[in-house]
Every structure is written in structure tokens, then in C-alpha cells.
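J.: Just the structure for this:
(chains A, B, C, D, E and F, ligands or ions: 3)
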Amino acid sequence: MVKIEAIVRPQRVDEVKAALDDIGVTGMTVTEVRGTGAQKGYTQQYRGAEYTVNLLQKVKVEIVVPESDTDRVVKAIIGAARTGEIGDGKIFLTPVLDAIRIRTDERGEDAL
Amino acid sequence: MVKIEAIVRPQRVDEVKAALDDIGVTGMTVTEVRGTGAQKGYTQQYRGAEYTVNLLQKVKVEIVVPESDTDRVVKAIIGAARTGEIGDGKIFLTPVLDAIRIRTDERGEDAL
Amino acid sequence: MVKIEAIVRPQRVDEVKAALDDIGVTGMTVTEVRGTGAQKGYTQQYRGAEYTVNLLQKVKVEIVVPESDTDRVVKAIIGAARTGEIGDGKIFLTPVLDAIRIRTDERGEDAL
Amino acid sequence: MAGTAFAQEAAEVTAPAAAAPAAANSGNTAWILASAALVLLMTPGLALFYGGMVRAKNLLNMLMQSFVAMAVITVLWVLVGYSLSFAGSAPVFGTFEWVGLSGVGQAPDDFYATSIPHQLFMVYQMMFAIITPALISGAVAERMKFSAYVIFMAIWSLVVYAPLAHMVWGEGGFLLGLGALDFAGGTVVHISSGISALVLAILLGKRKLSHNDDTRPHNLPMTLIGTGLLWFGWFGFNAGSAVAADGIATNAFVVTQVAAASAALAWMLIEWVAFKKPTALGFATGAVAGLVAITPAAGFVGPLAAIVMGIGVSFLSFFAIKMKSKLGYDDTLDVFGVHCVGGIFGALATGLFAQTSINAAAPNGLFFGGGAALLGKQAVGVLIALAIGATMTFLIGSILKATIGIRATSEEEEVGLDLTLHGEEAYAGPTIAVQTTSRDAVGGGHGATSHASAGVVASEPAA
Amino acid sequence: MAGTAFAQEAAEVTAPAAAAPAAANSGNTAWILASAALVLLMTPGLALFYGGMVRAKNLLNMLMQSFVAMAVITVLWVLVGYSLSFAGSAPVFGTFEWVGLSGVGQAPDDFYATSIPHQLFMVYQMMFAIITPALISGAVAERMKFSAYVIFMAIWSLVVYAPLAHMVWGEGGFLLGLGALDFAGGTVVHISSGISALVLAILLGKRKLSHNDDTRPHNLPMTLIGTGLLWFGWFGFNAGSAVAADGIATNAFVVTQVAAASAALAWMLIEWVAFKKPTALGFATGAVAGLVAITPAAGFVGPLAAIVMGIGVSFLSFFAIKMKSKLGYDDTLDVFGVHCVGGIFGALATGLFAQTSINAAAPNGLFFGGGAALLGKQAVGVLIALAIGATMTFLIGSILKATIGIRATSEEEEVGLDLTLHGEEAYAGPTIAVQTTSRDAVGGGHGATSHASAGVVASEPAA
Amino acid sequence: MAGTAFAQEAAEVTAPAAAAPAAANSGNTAWILASAALVLLMTPGLALFYGGMVRAKNLLNMLMQSFVAMAVITVLWVLVGYSLSFAGSAPVFGTFEWVGLSGVGQAPDDFYATSIPHQLFMVYQMMFAIITPALISGAVAERMKFSAYVIFMAIWSLVVYAPLAHMVWGEGGFLLGLGALDFAGGTVVHISSGISALVLAILLGKRKLSHNDDTRPHNLPMTLIGTGLLWFGWFGFNAGSAVAADGIATNAFVVTQVAAASAALAWMLIEWVAFKKPTALGFATGAVAGLVAITPAAGFVGPLAAIVMGIGVSFLSFFAIKMKSKLGYDDTLDVFGVHCVGGIFGALATGLFAQTSINAAAPNGLFFGGGAALLGKQAVGVLIALAIGATMTFLIGSILKATIGIRATSEEEEVGLDLTLHGEEAYAGPTIAVQTTSRDAVGGGHGATSHASAGVVASEPAA
Ligand SMILES: Nc1ncnc2c1ncn2[C@@H]1O[C@H](COP(=O)(O)OP(=O)(O)O)[C@@H](O)[C@H]1O
Ligand SMILES: Nc1ncnc2c1ncn2[C@@H]1O[C@H](COP(=O)(O)OP(=O)(O)O)[C@@H](O)[C@H]1O
Ligand SMILES: Nc1ncnc2c1ncn2[C@@H]1O[C@H](COP(=O)(O)OP(=O)(O)O)[C@@H](O)[C@H]1O
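T.: Ligands and ions are numbered 1, 2, ... in the order given. Reported below is the predicted structural model:
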């Protein structure tokens, strides 16, 4: 199994979720994160003091899938998350040794 | 080493932590997340407009352990987190290459 | 590629980020988490009822790097995050199978 | 304010000891000072009421749309607004006689303020002029350009609010002469802003929402705090409109409380039946709808009528809001459904429930043996307020749209108006660590910017 | 309100120019109008004070338990509550004479409101009737069924509050005749609600907490805002109870401020000594305890006595709350420890510190040479309030428990009452992305529901 | 308060029917009761205004620095503060005659309170004494030891506030005799606290910030709520200072509104031009600066002057704050830039814009044909306030620094003052799961502490 970890723009999470629903992937876990990379930050003025904010709001979407589904899911995420502007985010693929469904003790791909 | 990543119900985190304390596991990191899967969402009405909320509050508990402890810890988590209802969550096991204790530079299992 | 996952004190995130900037690493994702380990919790009194808080605020910093950069980055993080007191946190290294830049479809180390 | 001429006549009946026009009465002055402060507080209250309902990324913009009225309208009112609303005795427009408050001093005024300083009447009225355009902001939330909003509001105040206030409450005003009753602003405040809100929302167009954006209220406790402050301040709004601390003021106070309560209760019960869950937002919406409905009637109807009106307005507003989804306009926070619908209902219900025994200056309404005469006059008032509000808003809005533009860009809307229009975030924390660089000397000196790597340098401000 | 008869007699002493019963005094009317508004604001203030202390998942329910009193009790008061509390001149119960406010008009009343409109006295009293049952909600927080709460509150208002108010303040009232003093509601408001809170908390049973649930206050700044609003509103509560803007009102205002301050200070210092840390919650709790203690005494005791009372009540309440853990009942937010204990202390201390020189209508207390007579009468008042509150709450609570049930289900309690009973979340954000589907036309049209996969379809509402 | 002698003389002019000194006027009493409550509310308002600007980890400490003034100063004022400020008729210091409020009763006072109870004047003044030292807290935010803060504040109140109040407003006061005008506290409240804030901030030293710490305001909506409450309460502050509900009070009310509005508008426009973005924080800052500037002038200048003053103070304060980074002191929330600069400007501008036609007790200012005489007297007042504030703060601060220490430890500062000094967290949630152990019996019994593993046992408290 593979964990697909996508860092996307907050405004795109809904689209990503919808795209995954469309291809039948319903299990996922999302986390609010902040990220920095090539994307420029922005400045704010508070009483004339300037602040540069470089850690921008992003959302991490984690989906564990059977290895065979990886490409399909990655494609769906890219389709939904891409705006073409810097800051669209990354997808990281990491190995998963096993999965367990707490409710039933099911293991492996059955647990997904 | 293995990272045990459990997605559980928020109401069960305290129990999970207690169960891990009981078996002598004190190191862990928890994160608030939202998840979707087989569990049904719920609807809300705001001035008569209906909203369906499908991303439900969950908590992710991460524990890095020596491979040999994996089963014991997984069992403890399941014991504390299971309600038997859909939505109890998953446990994912992922490989860890190395661990470092920032304070001491200790590496490997000594760092846990 | 390797994912470097550092759990550090919230007060040290700025230093960590600066240290990474200094060695030319600009891509990272940070998450607010709570952690427990060897560090003692603290008590609070609310109307005379005592609460012991054992899950302390930490910040998780995730950086995916080419394997060759691992040591340099780890060293920079340790340098910035260490106070020498219990609770400085851990660094976990986990394998990454692939990385994709959503904006461009670039893969592997090019995507970082 | 509001129906002052009537209120004062009545006051003379119940308080025969009222001072001669030349001397202010300290009790009445005390109450109107307090009332003016209460009405001022309604605008921050409105800001919170609305603010809790938008998404966090647009919160400061929403709050500012109310607060800015406290700044802009105040200055405008002193310079020309008060004069255009109350000076002279023409049927439709005020004159320039009191521009810059010349002639508006500490002495009472024969027509508007027989027992309090004229300037006190002026500042009390100012508070109404402030909150009225701010009410509109709820309909244009989350997408309007801030500069256009400020300009719109200022013009609107002069071309919609001022003439309407003059017709309804001004010496020689056409609707006052006709005998249409509006105790504290059902037509002048609520119908006018409610219909304008609808028109402006349509001119602006819908928010750019994807089918699954989360537009739920981001902070309902904030909305409830706002509701509490609005309810509290509304006592100044309605009971202060007697321009005296007397029996009429008391009546207005009582029915304000009763209408708010019964409307909140009714809305809660409707939801309980319809959805099995009584919501906090429903309660708050009902309370405000009740307060709106009783506003024109407060000095004329009794507590039992207020119960009926409270229940009635909740049913009407509830279904008006339901209809929104069918009609497809994006009145973000239902200003039309609550203020316009509630205001119309209240104005007409005044024609049904008014009682001469409560206020000697008012004829009996339809249900108290007065026939349909008053009801007819009320309908005229409603229609005029609707007509002026709709046409003038359409005009101002269209001109602004064609010139400076009234809508934020898609990107501003998507990122959030707080960051893009105001350069701030509402909640910068509480604990997330964020890298920032400050030009502030504090903590500086040791290379505040040396760590800024090329790729992340933010655009330099114009300062 | 409160000790009105006394206050009025005294008022005549200090203000010989007081108007004949038939004419309202505009200054007094102004102050009671303002006071009524201030007391109304206390209920939202209480909502925030309590709301900050519960867990976020029960916040809206907590807030609604206060707000709903503003709706339900208002309507009830107009229909029957005021009459049952103040009409007639029987020793224990009011009559039905003033049902629907018939006979309660703009003219003053010979007994209750000699210098303000009778209706103003009625609405001022209404605000007390609203907040009193809302006080109870703190004890039943986080687990009571909302429907049962609403019904309980309504019945309680008629069978506990009304007779008690009549006995203490009503014409011919038994405790009034006896000479027991209660200036602004120590027995009627605080002891009655405090003891009822305890009984209802016990009937309900403890919250279902696991040994390590986090029940810390979720938002102390909210509790502090609530404290500020309560303190502010309490000036209307206590100083308004003089039913005049006079020397007695001033005395009540001063001692209210002084008692709140000294109690807050004392609580802070107790904590500083005991735990090395002065907490914000301790400060807030102390302030409220001081306000409670001074309530029955406000028109009768001087500022130095107020300092002593403030310090005394903080010690008592602090240890009463400490005892809770030993006794094992779950009075969630310590309504008993603060309101009942504080109310009893205040009532008895009135018997110690009352001074005829402050209020001609009051005898001197024990410490001012008046002997123990007043203290004895105060004790009678306390016992009666305790007895009525405890027995009637036990009765109503038990009947409701046996019929519709008073407790939320375990699942509702675990998930949180906001989502399960009200169908809402307090904080939906600020930034977490949540998938939602709205029937709202906005952004709809392009398949708003087409993405809902089988497993995640939510249950359809009854709408 | 404030210029009471003047105000009263003037009051006699505009209200010839004012009662003989022996009898209180119910209308005036009503307004000052309301005003005292309004001014009390400003302190929680200030707490929120400041609280929103600090980091979440120091929020409760920031709030407590204001709230604690409500406790400490109240008790102090009753015991000695009022006497030291107002008793006797010496030029600089008050006497001990009114210690413990002996002699301060319900009857009016010939000098201070001719138409209201003397005790009401006392408690109204108390509210000013409360908020003044609390203003200082903004400058020392996020790093001062709480115990040292409390002690500093108490001493400061007696050695800075009391003599200054006596000189400016007290019978026989030196500046009063000189003819320097300060209607509601420009010198006594704002200059004194503003200069003291600067001195104490310098004594304390800068916060320990790393070059990239995020010190942005954590909750601007909280700051806006605070702004709303401050604005609302300021009507009591300024218009109440007429000590009557009359024409002067009305004038003060009007110019307060106008100055706040024009300053907020001006600040917003300055930012719009300078940074392209009008911020909410800028609006709030401008509004407060306007309120500060009009405070000394409120009973003496007209609405058009108030517009000029509002615009002027925003320019001045804006640039004063800009300068801070150059000068390198850490006045966290710009108390000097807003209150001291604004207070000086307002005091001097009174010398330019005062008009005898507005207040018979005031001479005409420079721009109204009165020459530079008044301006000179105003400058004397400013200098004295600056001198006393600076020297005494330096003395008290230095002594405390050398003895108990005034600064929190580095670790306390880094972790946050809430947790380390108060043992609490402002926001414990909303939903993060946290392991806690409570001694509370609720949910206990089944081994509440048995799971506490060795390494995580928290330090035991002293309880
Ligand atoms: N090396 C990295 N390790 C972890 N997260 C990264 C890394 N690089 C980028 N990210 C995450 O991806 C987000 C987007 O990256 P960015 O470089 O700004 O834009 P893009 O992906 O379009 O080139 C960042 O905000 C950060 O959260
Ligand atoms: N494939 C997946 N990848 C990542 N997280 C998942 C996946 N499936 C489920 N989850 C997480 O587990 C939670 C519970 O899953 P759900 O299917 O609702 O219940 P159950 O585990 O009882 O079958 C989800 O809310 C989500 O956070
Ligand atoms: N086994 C573990 N698995 C996951 N996270 C851990 C583990 N042990 C510690 N942590 C994280 O590291 C943080 C610091 O650990 P702690 O033991 O308190 O201090 P130190 O690292 O200095 O020994 C914890 O708060 C927790 O977030």
C-alpha cells in the first residue's frame, strides 16, 4: 500500500475531495498545515510595522491506497488541485507496511 | 523502527493515551485532523439552507516504536479506540529509517 | 528521497526556518501538534480543581529532501531547535517513494 | 426620533408638566443621551452579528463595513446630512439651512426637540443614519470592493436616507402630513436598507462559490454577542424615539422586548418542528426580525399586539429566506428577508394594531375600530420607501459599476477580502508559528532580513 | 425593584419634591428605562460568562440556555408571570388581576411605582424574572435535554420565582410584612436559583466523563467579557432597584462596585497564596460572588461594609466550591457555590450591616446597634427561599424525569450538544476545509449533490 | 467630572431651574448613574482592545492587567484615593478628610456635585481612576511581572493620579485656579498615563523577541469589540463630565462622536494612501486617538473644531508611532503614541478652539479671538502632567526594579505569561484532545491518577 500525501491550496480541497469521490475513493484524512516553498509570501502592515508572512496556509490530504490505484488517484488530485500558479503544492508517495481497521481488526487492503 | 499512525475518534484520545501509558509507552504526537470514509456525515441547517458535513473530526496519534513493540501497541490502541460503530478509524504502519533525539543527538531506538 | 519529520518546540520554529533558509532549503510544511514524552507536563488550577496537562504544544516540520541532503538538514535543525532541556523533540526519517509537483507534473527530486 | 411630532404631542398629554420649549428637561435629556449611546452601540453589535456569519477570511472586511459607517456617516451628517434630512419644511427634501450644524445648538427646537437640546436630537438622529446603510452590508458580504462600498454608502445616505427621513419625520414632510406612522424607522431604516440590499446584491452578482464551498457561519457565538448588543441597543432606538422619558417611551420599551422575545421563540419553534433542531442562528435571526417588525409600531401598539407581530414576522421572514434559494439571488446574510420583509410587515401591522389609548397622537388601527384609513397610509409609506430605495440604489450601483467597479476580483474573493483588501488577518494564531519580518526596531538589529531567501521575498509596500 | 416599598419611603425622605403618585418623574423614568436595558444585557453577559467555561462542543447549547430565557420568560411574564408575582395583596401568591397586563399602563402605581409608569416597573421586573432561571443553567451544563430545560424553566418561573417575588416584594407579601429585607434579589434571585441548581444537578446526575476528559474552560476571554457585561449590567440590577434616581440608588451603585471589587481582589489573593497563581477565572468568579452578596444589601449598607462583605463572600464561596469535589455532585459551573452560598451570606450580612442612616426604611443591623432582630428576619427569608426552591425543583425535575426525560443521551453528550441538539457548530473554522452540500441555490445548479457517494449520504431532514 | 466647577457654572447659565445645592436633581442623577456605569465598562473594553493585539500566549495576562484595576483601584479609592484627590482646598494635594468616604454621603456637595449626590460624584470619579493606570498596561505588555504591575499601579494611582486630579479639578487646585481647562481628563488621564507608559516601557526593556517572532495581533475582532465598547463608554466619560444632563453634556457627547469618527476616517485614509490598504487596526487606533484628543476639549469646542482635531490627531499619532521604530523603545501597544501624543494635542487644541458661546465658563481660544492666553495655560497643564508622570514613574519603577523586580523571567516570557504567571490558557481548545487529571470528584473514583506515568508527573501545587 502507498500513502499519497498531497499538500494543496485550501481553496482547492473541496475540488480534490469531489474528484476523489468521482473515482470512488472515499477514505481520506485532511489536516490544516502551513507551507513555504517557491511561492512568494505577502506583507501586512500593523500600525506601520511591516510583517512578511512566508508560511502560507495549505491543506494536507492523506489517502492510503493499494499500490495499483496510485496513479489514478494522483491524476485525480492533480486535475483538481492545479491552478498553474506557483504554490499549487506537492504530492509525496510513501510506503505503508500495513493498515488495520480499528472497528473490525481487518488488515491490509481490506482495511481501506 | 515503525511509525504507528492511528486515526481515532476525538472522544477516544484520552482512553488511547491512558492505554498506552499502561503499557509503558509515553512518547507520542497527536494532531487534529478531519476524515471521511465509510462513516456517514451529518447535516446542519443554517436559516433553512442545508449543509452536509462529510469531513468529520478525528485525531491522529503517531507513535514511533521499535518494530518488536508494534503488535503490543496496535493492540492497546484498538482496545481503547474501538466502539464498534462505523468511524472508529484506521491504523497505518509505515517504515521509519532513523530517529534522532534533538536534545542529545541519540539515534535509532535510543532516541525514542 | 527522505522525509525529515522534526517535532520541535513552538518557540523554535522561527529559528529552524531561518537555519534552513541559510542552507538553501526553502520547501517545508509545518503543522501544529501536541506531544508527550519524557518532558513533564504542568498543572493548572480552575476554581481549585487541578488539571495536569501532559500533551504539550509542539510543531511538526516536514521537509522532503534528496537522500544526500539528509545529514546537512538534520544538523541544521538540531542546531536551531536544541535548548538542552527535556522536550526539545525528535527527528524521524522516513522513506519517500516519489514526489510530484502539482503545478508542473515534475517528478522525483525535480519536484522538490 | 421617529414620529417625533406625534410623540411630543402625546407626551404633552401624559406629562402635562413638560417644560416650555425654551428649557430642556434634565430627565428627558438624560434618557436621550443614554439612548443615543445605545443606538451607537448597535453598529458594533451589527458588525458582530454579521461577522459571525461570514467565513473567517472575510471577517475583518465584514466588521469594517459596519465600523466605517460610524466614521463616514458621522462626518457627512454634521456637514450636510442632518440639514438635508431635517432643515426647512418642504414636503420631500430638507434644505441647506443647517449645513455644518449652523443654528443647531444647545437650546431646544420648537418642532423636533421641545424638551431636550436641539443638538442632542441631531446626534441621536445621527446614530440612525449610521446604522441604516451598514445594514445593507450583509447582502453584499464576501465580494464587494471596499472603496466602492464606502462611496456607495455615503451617496446612498444623502439620496435615499435623507429625503426619506424628511418625508417621514421632517417638518412639513409629505408622509408625516399624510398621517403615515413610523415610530422609530420601519420605512426610513429597515425597508429602505432592505430593498437596497436586494438590488445591490443583484447588481453585484453571486459570490463565486464552488458547489461544495463551506459557507457556514464561522463563529456563531460572535453572532449571539452581536444579537445581545443589538437587542440592548434597540431599547435606545425605539424607546428613545419618544424623545422623552415618559409613558410612550415606556410603551415602546415594553413592546420592543416583547416582540423580540416572541419572534425569537416563534422562529425557534418553527425550526424545531421543521428540522427537529432549534438553532442558535434561528433564535438570533428571529429576535432581530421581531425587533425590526416592532420598530415602526413601538409607540403605537400594546404588548399583546407585539406578541402577535413577533410571531407573524418570524413566519414571514422564515419563508422569505426559504424563497431566496428559489429566486437565485445572493443576499448573503438575508438582509432583504429580515429587514425589508420585517419592515413592511411592521409598517402595515401598525395600521392594524395602533391604539389611540396608547398614544393620543395616533389614530386607531383596523383592529381597534379605526377602519382601514391608517392601513392605507401605511401602505403608501411602504411603497414610497421601496420605490426610492430600489431606484436610487440601482442608479448609484450601476454608475459605480460602470466606473470604478463594485466587485472584488476573483482572486481577492478566493483568497479572502481581509488579506487582499485590508492587508490583515482576523485570527493570526493563536499558536501557529509564522515567519514574519518586521521593520520594527524591536528585536531587530541582528539581521532581521538576512534570512529572507530570494524566492520568498514579499512584494515591497508603497510606504 | 426589590424592597420597593422601602426604597420609596426612603426616597420621599431624601427627595421631598417627589411627584404625587399620579405623575411620573422624568429623571426617575430615565434611570429605570436605562436600568431595565442594563439588566436585560446581563442575560447575554451570563451566557458568555458560562459559555467560556464549557467545552466548545457544548457552547451553543450553553449560550442558548440563557438566551432562550429572554424569549420564553418574556412572553410568560406578560401573559401571567407579572400578575402572579405582583397583583393583589395576599401574603404568598399573586392574583390573576393583571393577566395579559390588563390594568398595567403608562400611569404610575400607588404601591410599586409612584414616580414612574407602572409598565416600566413591570418590564424592569421582567428582566429579573428572565435572568433568574438562566442562572440555573450553569449547574446542568453539558448534559441536559434542551426541551426539558425549556419546560423546566417556564414552570419554575411560575411556581418558584413568582410566589417568592410576591412574598418578598409584593403588596401584602408575607416576608415584606415581616420586615425581611431584600433590596435587589438575594433571596428571590440568587438563593432560589442557587439551591434549585443544586437539586437539579443531583437529579440529572454527573456528566459522563472519562477519568481523563479535558473539562477545562475552553475560552476564558469569553468568560471575562461576560464578567464585564454582568458587572456593568448589575448597576441596573442593584441601583435600579431604588426605582428612582436618588441617594439610595447612588448608595446601591457604590456598594455594588465596591463589593464586586473587593471580592475579586480577595479571590485573587486567596489563589495567589494557595496556588501561587492568581487566575483570571478566579478573578471573574470572585467578582460575581461579590455582586451576588451585595444584591440583597445594596440599598441598606455602606461602602466599608461592602468591602467586608466582598472579602467574606470570596472566602465562603471559594471553600464551598472546594467542598464540591468531596460531596461528589456535579454542579458544572458552581452555581450553588457562588449564587446560593453568596446569596445566603449577603442576606444574613444585611442583618449585620444595615443602617437606618443610609436608608430610613431599614432598621439598623446587629453591628449598628439594632440587635439581632433583623438578622432573625433575614434568616427566615433565607430558609423560605431554600425550602421553596429545593422542594419545587425536586418536584418539577422528578416529574419531567419520569415523563419526557431530562437528560441528553450518552451519545449526544459525547458528540456534544451543539451538533446533536441544535444541529450547529459554534466554531466552523476558521480555516479548516469542510465538504458541505447546500440546497441553497447559490453556487448550485451544477450538480451540488452529484458527488455525494453512497456511503456518505447524510440523513435527510424532516423539512 | 472634569472641569466640574466650570461645567457647573455653565450649567447654571443654561439651566436656570437647577436645584439649590441641597437637593439632587433626578435627571442629572440619572445621567451620572448611567455615565458611571458607562465609564466602568470602558475598562473591560480596554482589556479587549489591548487583548486582541497581543499574542495568544499572553492574552489572559493582558486582560487581567485591566481587570485587576477594577478591583485594586476601587478599594484604594474608597479608603484613601478619593480623599487624596478631592478633599480639602490646597493647591497640589488633597487631604485625608474624606478617608474611608467619611463625610461623603447622599447629599449633594457645594463644590463638586451641586445637583447630584456627592457619593455619585465620588463613584463616577472612581471609574476614571480605574481606567487611567490600566491604560499604561499596553506599553508593558508581554513581559511585566504581574505582582510588580499590581503594586506599581496602586502606588502610581496615589502619587501621580491623585495630585494631578486635585490640581486640575480639585477645590483650590493650582491648575484650576490658573484657568487651565481639562474637561474630562486630557492631562489627568491621557498625558499622565501616556508618559508613564513610555518611561515604564524603557525601564522594563524590550521584549525578548527573536528576529522572526510573530508579534502580529492575534485576534483583531477582539480589538474591534473593545473599540466599540470604548467608544460607547466614552460618552459617559466625556458627556458625564458635565455632571448634569444639559446642553454642555450634549455638546460633549456630539464632539466625542465627531472627533472619534473623523480621526478613524483620517487614519484609514492615511493608510489607504501609504500602504494601499485601509486596516481594521488602523481604524480602531484612529478612533481611540480621536477620543483621546477630544477628551480635554469636549465641553468647550464645537463640532467643526472636533473634525479638525480628529484629523489632526491621526496624523500626529500615526507619525509618532512610526518614530517608535527609530527610537528603539518597546512601547508594545503604542500607549505613548496614542494617549500621550493625543492628550497633548487635545489639551493644546483646547487653547485654540474653545468658545465661550459653547461654555460660558471657558474663555475663547486663539482661533476665536481669545488670544494666546488660554493656550499658554494649557501648555502649563501639559508640562506639569508630563513632569509628574515621568519623574514619579521613574522613581516607583526604579525602586520596584531594584527590590522585587519588574520583569518576568525569560522562560516565562518565552512560554507565555498566561501559563507561567496565571496558570491558565486563554483558549484551551476548541477541540484538541488534552490529557488532564482533575482532583475534582466528577468522573473520578476510577483511578484518576493511576495512569500518570513517572516521567510526566507535574509539579505539585502548594494548595
Ligand atoms: N521540500 C518540501 N518538503 C515538504 N513540503 C514542501 C516542500 N516543498 C514544498 N512543500 C510544500 O508545498 C507547498 C507548495 O510549494 P511551492 O514551492 O510554494 O509551490 P509549487 O509546488 O507550485 O512549486 C509549500 O507551501 C509546502 O507546504
Ligand atoms: N484510505 C484512507 N486513507 C487515509 N485515511 C483514511 C482512509 N480511510 C479512512 N481513513 C480515515 O479513517 C477514518 C475512519 O474511517 P471510516 O471508513 O469512516 O470508518 P471505519 O474505519 O470504522 O470503517 C476516516 O474519517 C479517515 O480519517
Ligand atoms: N515515540 C514517539 N513517537 C512519536 N513522537 C514522539 C515519541 N517520543 C517523543 N515524541 C515527540 O517528541 C516530543 C518531545 O519528546 P520528549 O521525550 O518530551 O523530549 P526529548 O525529545 O527532549 O527527550 C514529544 O512531545 C512528542 O511530540
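J.: got the residues of chain A near chain D?
T.: A:11, A:14-15, A:17-18, A:34, A:36-46, A:48-55 (CB under 8 Å from any CB of the partner chain). All C-beta spots, glycine's among them, are computed from the backbone N, C-alpha and C.
J.: What are the boundaries of the strands in chain A?
T.: Using DSSP state E, the strands found in chain A span residues A:2-8, A:28-36, A:42-46, A:49-53, A:56-65, A:90-95, A:98-101.
J.: and the gap between D:Leu383 and D:Leu327?
T.: Using CB to CB, to the nearest Å, we find D:Leu383 at a distance of 21 Å from D:Leu327.
J.: So, low pLDDT: which residues of chain D?
T.: The model of chain D has pLDDT under 70 over residues D:1-22, D:211-212, D:429-463.
J.: The residue in chain A that chain E sits nearest to and ligand 2: what is the separation?
T.: Residue nearest to chain E within chain A: A:Val13 (3.6 Å; CB to the nearest CB). As judged by CB to the nearest ligand atom, to the nearest Å, A:Val13 and ligand 2 stand 14 Å apart.
J.: And D:Leu175, by the same measure?
T.: D:Leu175 is 60 Å from ligand 2, by CB to the nearest ligand atom.
J.: SS state for that residue?
T.: Under the three-state scheme (DSSP: H, G, I helix; E, B strand; the rest coil), D:Leu175 adopts helix.
J.: and it, what is it in contact with?
T.: D:167-168, D:182, D:187, D:377, D:380-381, D:384 (CB atoms under 8 Å, 6 or more residues apart in numbering or on different chains).
J.: 10 Å instead, please
T.: D:91-92, D:164, D:166-169, D:181-182, D:187-188, D:377-378, D:380-381, D:384-385 (CB atoms under 10 Å, 6 or more residues apart in numbering or on different chains).
J.: before we move on, back to that, I'd like the strands of chain A as CSV, with distance to D:Glu411 appended.
T.: Below are the strands of chain A laid out as CSV (distance: least, CB to CB, whole Å):
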stretch, distance to D:Glu411
strand A:2-8, 17
strand A:28-36, 19
strand A:42-46, 12
strand A:49-53, 17
strand A:56-65, 14
strand A:90-95, 22
strand A:98-101, 39
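J.: Between these, which one is closest to E:Ser137.
T.: Closest approach to E:Ser137 among the strands of chain A (CB to CB): strand A:28-36, 33.1 Å.
J.: In the sheet, which strands lie alongside that closest one, parallel or antiparallel?
T.: strand A:56-65 (antiparallel), strand B:28-36 (antiparallel), strand C:28-36 (antiparallel) (DSSP bridges).
J.: want to try TSV for these, with mean pLDDT and mean neighbour count as columns?
T.: Conversion of these to TSV gives the following (pLDDT from 0 to 100; neighbours: other CB atoms under 10 Å in any protein chain shown):
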stretch	mean pLDDT	mean neighbour count
strand A:56-65	94	22
strand B:28-36	93	23
strand C:28-36	93	23
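J.: Number of residues surrounding D:Ser103?
T.: If you look again at residue D:103, you'll see it is Gly, not Ser. The tally of other residues near D:Gly103 (other CB atoms under 10 Å in any protein chain shown) stands at 12.
J.: Let me know the helix or strand that it is in.
T.: Per DSSP states H and E, D:Gly103 falls between elements, in no helix or strand.
J.: Without its sequence neighbours, what residue ends up closest to it?
T.: In space, and not counting its chain neighbours, D:Gly103 is closest to D:Glu97: 6.6 Å by CB to CB, 6 or more residues apart in numbering or on different chains.
J.: surely the one you found meets D:Glu171?
T.: No: with contact defined as CB atoms under 10 Å, D:Glu97 does not reach D:Glu171; the gap is 11.1 Å.
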